[in-house]
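Novice: return atomic coordinates for the entry below.
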Amino acid sequence: MARIRLDHIGIAVNSLDDGEKFWKMLGLTSDEDDETNHEQGVNIRFLKTSDLSQPPQIELLSPTSSDTPVGKFIEKRGQGVQQLAFEVDDLQTMIDELLDSGIQMIDKTPKAGANGAKIAFVHPKSTGGVLVELLEK
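Specialist: Here you go, the predicted model:
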């Protein structure tokens with residue numbers, strides 16, 4: 001069986017600075033520069049716990065405009081958990097296996113994600129209503 005681990009939980013927010021306030025009060029920190037993914041239309045800030053064993057992170061996502069996927073999410077549902085992201089060893093192989101098993105994918109080929117990762121999304125219709133991001137670092 002292929003290795004898989006929870007990499008991050010993406011939370012849609014109107015503003016990265018406002019969105020991080022609660023998480024910083026809990027002790028999460030950001031030691032990376034913010035990133036903009038123009039293809040996805042989103043500004044990104046990762047927040048980490050102090051655990052050094054590479055725990056899952058909180059990813060704050062603020063839309064660059066209202067017509068982006070995260071912008072539409074906030075408009076429809078408000079701020080909140082937008083996706084769960086899992087790191088896999090071989091993204092294209094995982095996509096192919098899911099498609100062969102009848103899982104509906106949003107992306108049938110990997111695209112550029114944050115921090116140089118390759119990403120692909122599984123359609124919520126196949127996951128019980130949860131948007132799942134698969135990534136390969």
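Novice: tell me which residue is most central in this protein.
Specialist: Gly10 (4.6 Å; Cα atoms, centre = their mean).
Novice: what about the closest residue to Lys118 other than its chain neighbours, how many neighbours?
Specialist: Nearest non-adjacent residue to Lys118, counting by Cβ to Cβ, 6 or more residues apart in numbering: Pro110, 3.8 Å away. (C-beta placed from N, C-alpha, C; glycine too.) Here the count is done by other Cβ atoms under 10 Å, and Pro110 has 17 residues near it.
Novice: wait, doesn't Arg3 sit right on Met94?
Specialist: No. The criterion here is Cβ atoms under 8 Å, and Arg3 misses it with Met94 at 10.8 Å.
Novice: tell me which of these two has more neighbours.
Specialist: Using other Cβ under 10 Å as the criterion, Arg3 and Met94 rank with Met94 on top: 20 against 8.
Novice: by mean pLDDT, flag the weakest helix or strand of the chain.
Specialist: Across the helices and strands of the chain, mean confidence by mean pLDDT, DSSP states H and E is lowest for helix 16-25: a mean of 88.
Novice: what's the following helix or strand after that one?
Specialist: Counting by DSSP states H and E, the element after helix 16-25 in chain order, helix or strand, is strand 35-37.
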